[in-house]
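Enquirer: Coordinates for the following, if possible.
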Amino acid sequence: MPQIARFGVFEVDLQSHELRKRGIKVKLHEQPFQVLATLLERPGEVVLREELRRRIWPGDTFVDFDNGLNGAVNRLREALGDSADSPRFVETLPRQGYRFIAALEATAPVVEPAVLPKNGRGQAEAVLPANEVPRVASARVFQPRVWGLISLAMVGLALLTWNLARRRHEVQGITAPPTIRSIAVLPLENLSGDPAQEYFADGMTDALITELAQINSLQVISRTSAMRYKGTRKLLPEIAKELNVDGIVEGAVVRSGELVRVDAQLIQATNDRHVWASTYERSLGDAVVLQSEVARDIANAIHIQLTPYEQARLARAQSVDSQTYELYLKGRYFWGKRTDAAIQKSIDYFEQAIQRDPNYALAYAGLADAYDVRQDLPPGERFPKAKAAASTALRIDEGLAEAHAALATSLFLYDWDWSGAEKEFQRAIALNPNYAWAHQWYGQLHHAMGRQQNWAAEVERARELDPLSMALLGSGSGVAVANGQYDLAIVHARKTLELDPNKPGPYLLLGRMYAKKGMYKEAVENLQKGVDFSGGAPEPLSVLGYTYGASGERENALEIVQKLKLLSKRRYVSPYDIAVVYAGLGEKDLAFDWLQKAVADRSSQLVLMKHDEKLDTLRLDPRYSELLRSIGLPL
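Expert: Numbers count the residues shown, from 1 in each chain. The predicted structure follows:
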């Protein structure tokens, strides 16, 4: 079979595993590429489904073969712009197999690939001459097999070595080391053949981001923004431009029983140049060690000088009980969804992990994060549990940035311990300078204390690290609001809606800004959308009720108050939300009564009450200053 096959506007390089359309590379993952390569070996002939199974999914691979093959063929057709009903390239013969039906032109014989050397950790790894520009197989080309033997891993990477060797004849002169000081880790692809393993792939992605983020001299995009590219078909330079990074890490994870394999590669974004690639195979319990190795190898590939502390931290990664680690990954997976039901699931998984291993610090840190963001429980139930979990995590491992940030959040929002919270935020950022949420909440602390320049700087830093986060885009709008730039805030909100038109936050911001401009009709329209998309959550209802009151629609505002009181019988509703509606109605006494109840509840919204425009009508009342003093905020 020739190494290059051409048909129509397409060209297939069977050595580098690249599909090109009019010379431009088309992203095609390994399984659909293997289907295409098999069909091209016998053009015009029927290739039976069983033959494809033996070729692509050997007997030791545990997948749903029918679904896996159907999915691979569908992805191949997407890449080719083909149709099952009117095929131009791949014809389906029902219950039999597939046939390649296009006219085929081929050139050049196949060159036999070499075998990769191993490094000291049992990895198959690319080794480049000093004067050679790295080049590996097409982005996201990974074989969906879990190999129990290292020799099979070497065979799987043979094409990589051949491709690297080929570049020796294409490039002359000495190439300078790549300048990469900012990266994004795209979601690792789940090639286990089991959609139920998505949590595992996402969890491994999250853990790798966390490992890399703790390298001070490297800027790493946060998980929230990276996850927006899950399943994307965008080109890597385009993604890098959107995230403003120098490099992209992408890869795949395969799990079969207690074995885990991770394939990873680093691409310099400006020229789509492959800088480094490696394969790692470990038992599930050694996954934490694996992630530390990947982080260290990436740092070495781009000549990042690790500090002695960073070297020691990466070196001390330890194995963990496999079931405990799996429970932890499930907890983080549901924590990332942020709904009340998902947060409760995450708490359940973190608690199960702790039951299996009472000394597993990461599970305690996850539990603290879950209680910090849970909105349906009273503050007196959420934050003491978050503090206890974070404190336990830090007793086990003082170097966990997540635990310091979780503790700081509780000290800030519940204890009103401003100095204690500041100390913990600073420690979290020192340990993980790329932790966007630590910067975000530290910025809110500055805001509460009246340090507006520091607030703006921290918010901007958080947005650099997590540019596609809906919540952080809203924080940037908050700075504009504080400066009276309502039109700019509206622009921010509309840009945020372009990312996701089904989130309530941007509609609430639009509604607040239109209300500030006296455009109550537009305000109510947007706020009602916010209420609908939130499922009738307390805060959106509160802002809608306030706007009704401020615009003179008293009956509608009082109806919202009743809805909030009824809702409080099913879940926690902060008295602050009801106070806001009464403030819009001009009912100052009732507003202050409910604010006092909010103080008794230690409602987290109180920390920013000094900057809440919905309370503007209360500011000249002496009771307002008394409230500020009661929670320790500067007047």
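Enquirer: Need the pLDDT of His447.
Expert: His447 carries a pLDDT value of 93.
Enquirer: which residues sit in contact with the nearest residue to it once chain neighbours are set aside?
Expert: Closest residue in space to His447, ignoring its immediate chain neighbours: Trp455 at 4.1 Å, by Cβ to Cβ, 6 or more residues apart in numbering. For glycine as for every other residue, the C-beta is placed from the backbone atoms N, C-alpha and C. Contact partners of Trp455, counting by Cβ atoms under 8 Å, 6 or more residues apart in numbering, are 443-444, 446-447, 479.
Enquirer: buried stuff in the helix or strand where Trp455 lies?
Expert: When elements are assigned from DSSP states H and E, Trp455 belongs to helix 452-465. For helix 452-465, a neighbour-count test (16 or more other Cβ atoms under 10 Å) marks 455-465 as buried.
Enquirer: chain center to that helix, what's the gap?
Expert: 20 Å (Cα atoms, centre = their mean, to the nearest Å).
Enquirer: and if you look at stretch 603-619?
Expert: The chain centroid and the centroid of stretch 603-619 are separated by 32 Å, computed with Cα atoms, centre = their mean.
Enquirer: which other residues reach it?
Expert: Contact with stretch 603-619 is made by 379, 412-414, 416, 444, 447-448, 450, 481-482, 512, 516, 543, 546, 574-577, 580, 583-584, 586, 588, 591-592, 595, 598-599, 624, 627-628, 631, 633, as judged by Cβ under 8 Å, 6+ apart.
Enquirer: Give me the buried subset of these.
Expert: Using 16+ other Cβ under 10 Å as the burial test, those include 379, 412-414, 416, 444, 447-448, 481, 512, 516, 543, 546, 574-577, 580, 583-584, 591-592, 595, 598-599, 624, 627, 631, 633 as buried.
Enquirer: residues contacting the nearest residue to Gln323 once chain neighbours are set aside?
Expert: For Gln323, ignoring the flanking residues on the chain, the nearest one in space by Cβ to Cβ, 6+ apart is Arg356 at 6.1 Å. Residues near Arg356 by Cβ under 8 Å, 6+ apart: 321, 323-324, 327.
Enquirer: and which of those residues is nearest Ile24?
Expert: Taking Cβ to Cβ as the measure, Ile24 lies nearest Leu327 of the contacts of Arg356, at 44.0 Å.
Enquirer: could I get the helix or strand hosting the closest one in CSV with only the CA atoms?
Expert: Here Leu327 sits within helix 322-335, counting by DSSP H and E. The C-alpha coordinates for helix 322-335 follow below in CSV (Å, rounded to 0.1, in the frame of the first residue of the first chain):
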residue,chain,number,x,y,z
SER,A,322,-7.5,3.2,43.1
GLN,A,323,-11.1,3.2,44.3
THR,A,324,-10.5,6.2,46.5
TYR,A,325,-9.0,8.1,43.5
GLU,A,326,-11.9,7.1,41.3
LEU,A,327,-14.4,8.4,43.9
TYR,A,328,-12.4,11.7,44.1
LEU,A,329,-12.5,12.1,40.3
LYS,A,330,-16.3,11.5,40.3
GLY,A,331,-16.6,14.2,43.0
ARG,A,332,-14.7,16.7,41.0
TYR,A,333,-16.6,15.9,37.8
PHE,A,334,-20.0,16.7,39.5
TRP,A,335,-18.5,19.7,41.4
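Enquirer: next helix or strand past it?
Expert: Defined by DSSP H and E, the subsequent element after helix 322-335 is helix 340-356.
Enquirer: mind giving me the domain split of the protein?
Expert: 4-107, 112-293, 536-635 (automatic domain parsing).
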